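A.B. asks: model the following, please.
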Amino acid sequence: MSDLLKVEDLAVEFRIAGSRRRTMRAVDGVSFSVAPGETVALVGESGSGKSTIGRSILGLTPPRSGRIEFEGRDITHRTRAEQRSIARDLQVVFQDPYSSLNPAKTIGQNLSEPLRAQGMASSAAARERMHALLRQVGLPADSPDRYPSGFSGGQRQRIAIARALILGPKLIVCDEPTSALDVSTQAAVLQLLRDLRHEFQVSYLFITHDLAVVRHFADRVLVLRQGRLVEEGDVEQICENPQHPYTRELIATAPVPDPVLQRARREARLRGWDETDQGSL
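C.D. replies: Here you go, the predicted structure:
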């Protein structure tokens with residue numbers, strides 16, 4: 001099976017404030033792929049470069065070097081017309097749903113924006129799709145006529161998910177989509193994403209700082225530290241038998257109780273003590 005998304009040796013740099021020449025490398029030589037129907041989690045602490053990778057894939061932050069392919073097509077540097085064309089197949093759900101929705105427009109108007117950009121907003125089928133998606137994400141029938149401020153944070157994230165799905169994309173970049181929600185709402189949104197993944201045959205690049213969140217959600221995990229990929233593998237392999245000290249640290253600080261992660265946490269601590277003892281000999 002060919003890759004849906006392929007990232008090769010990606011590097012992203014930002015100019016340091018107050019300096020004309022000095023730059024900071026936020027992403028340094030990262031390579032990975034996402035297969036059709038697959039969920040890949042990109043995990044790392046704040047400042048690891050994970051969101052920068054997502055923004056580069058979406059065309060929001062230009063890379064310094066490297067290559068990004070989508071369905072075999074080079075999208076590393078794209079024109080505005082190419083960006084609009086790619087938007088049919090590549091969408092995003094951000095951390096803060098309220099900031100991604102226009103508060104002055106109704107939910108119906110917000111969901112119509114991607115359709116309008118593709119010249120599809122006047123289609124009766126498109127309007128029916130909008131109503132169907134809102135039902136599928138668990139929102140009431142009167143939602144199209146209401147404004148974002150009338151919904152809870154979890155409901156707004158459901159609206160953002162419906163908006164991301166309305167064009168029928170093949171890949172959705174989910175950038176910390178549950179980190180601003182309470183634990184019970186997180187679980188509900190993750191379950192919704194799981195259900196929609198199978199129903200729409202969509203792939204996810206799931207960006208998060210929390211390994212516990214992806215334990216029952218992702219197929220593969222990529223661990224990012226200071227802009228570099230330090231470990232990758234199947235989710236069970238990473239959570240149950242982490243090899244890199246940084247991955248063990250992420251497991252040790254995972255805030256959500258999980259029996260598998262708790263066992264891995266204990267083993268990581270014991271392994272760390274063993275390595276400390278051996279190093280002192």
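A.B. asks: the stretch 1-150 of the chain: helices as residue ranges?
C.D. replies: With helices called from DSSP state H, counting those that start in this stretch, the stretch 1-150 of the chain shows them at 50-58, 80-86, 97-100, 107-117, 124-136.
A.B. asks: now the stretch 151-281 of the chain
C.D. replies: Counting by DSSP H, counting those that start in this stretch, the helices of the stretch 151-281 of the chain are 153-165, 183-200, 211-214, 235-240, 245-252, 259-279.
A.B. asks: hey, what's the closest residue to Tyr246 other than its chain neighbours bridged with?
C.D. replies: Take Tyr246 and drop its neighbours on the chain: the residue closest to it by Cβ to Cβ, 6 or more residues apart in numbering is Arg225, 4.8 Å away. Using the backbone N, CA and C atoms, a C-beta is placed for each residue, glycine as well. Beta bridges link Arg225 to Arg228, judged by DSSP bridges.
A.B. asks: would you mind measuring from Arg225 to Leu211?
C.D. replies: 13 Å (Cβ to Cβ, to the nearest Å).
A.B. asks: out of these two, which sits in the busier spot?
C.D. replies: Leu211 (28 against 21; other Cβ atoms under 10 Å).
A.B. asks: wait, that one sits on Val221?
C.D. replies: Yes. In terms of Cβ atoms under 8 Å, Leu211 counts as a neighbour of Val221; the distance is 7.3 Å.
A.B. asks: joint contacts of the two?
C.D. replies: 43, 238-239 (Cβ atoms under 8 Å, 6 or more residues apart in numbering).
A.B. asks: residue contacts, the spatially most central residue of the chain?
C.D. replies: Among the residues of the chain, the one closest to the centroid is Cys174, at 2.6 Å (Cα atoms, centre = their mean). Cys174 makes contacts with 92-93, 193, 204-207, as judged by Cβ under 8 Å, 6+ apart.
A.B. asks: you'd agree Leu229 is up against Ser31?
C.D. replies: Yes. The criterion here is Cβ under 8 Å, and Leu229 meets it with Ser31 at 7.3 Å.
A.B. asks: neighbour-wise, which of these two wins?
C.D. replies: The residue with more neighbours, out of Leu229 and Ser31, is Leu229; 21 against 14, by other Cβ under 10 Å.
A.B. asks: skipping its backbone neighbours, what lies nearest the more buried one in space?
C.D. replies: Val30 (5.2 Å).
A.B. asks: against Leu196, how distant is Ala26?
C.D. replies: According to Cβ to Cβ, Ala26 and Leu196 sit 30 Å apart.
A.B. asks: and what of Ala104?
C.D. replies: 28 Å.
A.B. asks: ok, Gly54 next?
C.D. replies: From Gly54 to Leu196 the distance is 19 Å (Cβ to Cβ).
A.B. asks: find the least confident helix or strand in the chain, judged by mean pLDDT.
C.D. replies: helix 259-279 (a mean of 52; mean pLDDT, DSSP states H and E).
A.B. asks: what's the burial count for the closest residue to Arg25 other than its chain neighbours?
C.D. replies: In this structure, Arg25 finds its nearest non-sequential neighbour in Glu13, 5.1 Å apart by Cβ to Cβ, 6+ apart. The tally of other residues near Glu13 (other Cβ under 10 Å) stands at 17.
A.B. asks: so what's Glu13 up against?
C.D. replies: Counted by Cβ under 8 Å, 6+ apart, Glu13 has contacts 23-26, 64.
A.B. asks: got the contact list for the closest residue to Arg194 other than its chain neighbours?
C.D. replies: Nearest residue to Arg194, sequence neighbours excluded (Cβ to Cβ, 6+ apart): Phe217, at 6.5 Å. Contacts for Phe217 (Cβ under 8 Å, 6+ apart) come out as 39, 41, 190, 193-194, 206, 235.
A.B. asks: repeat that for 7 Å
C.D. replies: 39, 190, 194, 206 (Cβ atoms under 7 Å, 6 or more residues apart in numbering).
A.B. asks: and the first one, how far is that from Glu128?
C.D. replies: Distance of Thr39 to Glu128, computed by Cβ to Cβ: 28 Å.
A.B. asks: which one's more surrounded, those two?
C.D. replies: Set Thr39 next to Glu128 and count neighbours by other Cβ under 10 Å: Thr39 wins out with 23 against 10.
A.B. asks: give me the spatial nearest neighbour of the more buried one, chain neighbours excluded.
C.D. replies: Nearest to Thr39 is Tyr204, by Cβ to Cβ, 6+ apart, at 4.4 Å.
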